[in-house]
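In: Let's see this in three dimensions:
(chains A and B)
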Number of protein chains: 2
Amino acid sequence: MTVITSPKNELIKSLRKLTRKKNREEQQRYLLEGVHLVREAVNAQQPLTMILATTDFQQESWLPSQVPTYWVTPAVAQALGATVTTQGIFAVLPLSQEQLPQTYTGTWLLLDGVQDPGNIGTMVRTADAAGLAGVVLGQGSADLYSDKVLRAMQGSHFHIPIYQGDLNDWLTALKAAQVPIYGSELNPAAVDFHQVPAQQNFALIMGNEGNGMQIDLLAQTDQNLYIPIQGRAESLNVAIAAGILLFQLKN
Amino acid sequence: MTVITSPKNELIKSLRKLTRKKNREEQQRYLLEGVHLVREAVNAQQPLTMILATTDFQQESWLPSQVPTYWVTPAVAQALGATVTTQGIFAVLPLSQEQLPQTYTGTWLLLDGVQDPGNIGTMVRTADAAGLAGVVLGQGSADLYSDKVLRAMQGSHFHIPIYQGDLNDWLTALKAAQVPIYGSELNPAAVDFHQVPAQQNFALIMGNEGNGMQIDLLAQTDQNLYIPIQGRAESLNVAIAAGILLFQLKN
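Out: Down below sits the predicted model:
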């Protein structure tokens, strides 16, 4: 058994570069960290390129025998890890390129310039739990494969399709399929979300944390929804608002 | 006008220690960072001990003239700041000690061992937006005055009372006041939250991210609620679940 002992090993050096989006795109792969996420990937039968783990994991029966596995020292694991205390297990996966859907039936969550990785990841997890058809990340949204997004998604990107694309194109396709489009911008024409009946097929757009939705997208919504604020908070966190709206509106 | 130019200035050194809970308790104060939060504190008429800011802020008319203000160089601001690029403005405030409430009317959110600072902060912000009577942090929940909790709260701790205490004592008082207590643990006796009518007075307990609620607290709830999961996600983020439950159950 060979154990990689140096953080300067060529493979390790190239994997450490995957913390940056530019390098993920160049190498067309990303790094997944931690027992829970790697197990989720295995359970969801994802096309793992390789696994890297400290020798503590040698007896783990769930590790797939057909995936090339590299053993590493704790120091190498620490160098690869994004957290202060790494669990010492990683998987490398190809970036996935979702094809456009065959049908626009179901519920869709569209993210317009959402910046915070934790918010994006949490919304993907919530979309999964709510049984959505998919999530679309518009231009200007933070990248899906950063460590923080991956951690917040908890593996939900293995369960539902995630698209990256121009939201204008998506709205055109959704409108053609007669799917109602709801915005979430507080403006005078906005409607209390309690007034909208639960339904199967719709798209909900959530905007940027500070600036909300882009005006040209807002102009294309069928209705804008708001969540009444009773206290003195100025607003809700965007992921909380998405959770409340999806679990109320979706049938 | 004096400008503090050295991160080794005694005041700056003592404020830098406030990143640790132990030191916050020793000094009985905490540091608030950023334009939005400092303005919120001013608007909410909080008892600010002092303000520290780079000279860029000298012309800001909202800075309260009665609060001692220290000007600092960008390097000192960077040393004080918890973020990579600080906005260069800080306030020091006393730790607040909430007295027990006079009445238990209204809605209460009780956090049982919630660990993630972002989750705690987001739940306080959500509780504010939902018009709650207060939030109680049980033993084992992360500290209220860490930088990450403060950032996620967005100033909501200036709007609603936040208590820290033993949840067993709280449950005793809530029961004596005949306030229904809902747990949020998925167990065979749990009830779909849609089946519970909206109401004014109740308490909701949210548990630890990994382990849920403590068994002895669970035994004291009137009902346990669950949010049905439609997709393949194992669970919802605790703050998302709290948002969905509060906005559905609270009248």
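In: Let's see the pLDDT reported for residue A:85.
Out: For residue A:85, the pLDDT comes out at 86.
In: Can you say which helix or strand has it in it?
Out: For residue A:85, there is no host helix or strand (DSSP states H and E).
In: same deal with residue A:31?
Out: Assigning secondary structure by DSSP H and E places residue A:31 in strand A:29-33.
In: Point out the other helices and strands that whichever helix or strand comes after that strand packs with.
Out: Using DSSP H and E, the helix or strand that directly follows strand A:29-33 along the chain is helix A:35-43. Contacts defined by 3 or more CB pairs under 8 Å, 6 or more residues apart in numbering or on different chains; DSSP states H and E place helix A:35-43 against strand A:89-94. Quick note: C-beta positions are derived from backbone N, CA and C, even for glycine.
In: for chain A, what spans make up the strands?
Out: Along chain A, the segments classed as strands by DSSP state E run A:3-4, A:29-33, A:50-54, A:69-72, A:89-94, A:107-111, A:134-137, A:162-164, A:181-183, A:191-192, A:202-206, A:223-226.
In: Dump these to JSON lines, plus mean neighbour count.
Out: Formatted as JSON lines, the strands of chain A follow (neighbours: other CB atoms under 10 Å in any protein chain shown):
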{"stretch": "strand A:3-4", "mean neighbour count": "14"}
{"stretch": "strand A:29-33", "mean neighbour count": "22"}
{"stretch": "strand A:50-54", "mean neighbour count": "20"}
{"stretch": "strand A:69-72", "mean neighbour count": "20"}
{"stretch": "strand A:89-94", "mean neighbour count": "22"}
{"stretch": "strand A:107-111", "mean neighbour count": "25"}
{"stretch": "strand A:134-137", "mean neighbour count": "24"}
{"stretch": "strand A:162-164", "mean neighbour count": "19"}
{"stretch": "strand A:181-183", "mean neighbour count": "23"}
{"stretch": "strand A:191-192", "mean neighbour count": "11"}
{"stretch": "strand A:202-206", "mean neighbour count": "26"}
{"stretch": "strand A:223-226", "mean neighbour count": "19"}
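In: Those strands: which one's closest to chain B?
Out: strand A:107-111 (9.8 Å; CB to the nearest CB).
In: circling back: the strands of chain A into a markdown table, with extra columns for distance to residue B:224 and mean pLDDT?
Out: Below are the strands of chain A laid out as a markdown table (distance: least, CB to CB, whole Å; pLDDT from 0 to 100):
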| stretch | distance to residue B:224 | mean pLDDT |
| --- | --- | --- |
| strand A:3-4 | 47 | 94 |
| strand A:29-33 | 33 | 97 |
| strand A:50-54 | 38 | 97 |
| strand A:69-72 | 42 | 96 |
| strand A:89-94 | 34 | 98 |
| strand A:107-111 | 27 | 98 |
| strand A:134-137 | 30 | 97 |
| strand A:162-164 | 32 | 95 |
| strand A:181-183 | 32 | 97 |
| strand A:191-192 | 29 | 95 |
| strand A:202-206 | 29 | 98 |
| strand A:223-226 | 30 | 95 |
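In: Tabulate the ones you listed in JSON lines, adding columns for distance to residue B:10.
Out: JSON lines is the format used below for the strands of chain A (distance: least, CB to CB, whole Å):
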{"stretch": "strand A:3-4", "distance to residue B:10": "48"}
{"stretch": "strand A:29-33", "distance to residue B:10": "41"}
{"stretch": "strand A:50-54", "distance to residue B:10": "45"}
{"stretch": "strand A:69-72", "distance to residue B:10": "46"}
{"stretch": "strand A:89-94", "distance to residue B:10": "45"}
{"stretch": "strand A:107-111", "distance to residue B:10": "47"}
{"stretch": "strand A:134-137", "distance to residue B:10": "48"}
{"stretch": "strand A:162-164", "distance to residue B:10": "51"}
{"stretch": "strand A:181-183", "distance to residue B:10": "52"}
{"stretch": "strand A:191-192", "distance to residue B:10": "54"}
{"stretch": "strand A:202-206", "distance to residue B:10": "46"}
{"stretch": "strand A:223-226", "distance to residue B:10": "49"}
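In: Let's have these in a markdown table, adding distance to chain B.
Out: Below are the strands of chain A laid out as a markdown table (distance: least, CB to the nearest CB, whole Å):
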| stretch | distance to chain B |
| --- | --- |
| strand A:3-4 | 30 |
| strand A:29-33 | 16 |
| strand A:50-54 | 21 |
| strand A:69-72 | 25 |
| strand A:89-94 | 18 |
| strand A:107-111 | 10 |
| strand A:134-137 | 11 |
| strand A:162-164 | 13 |
| strand A:181-183 | 16 |
| strand A:191-192 | 12 |
| strand A:202-206 | 13 |
| strand A:223-226 | 12 |
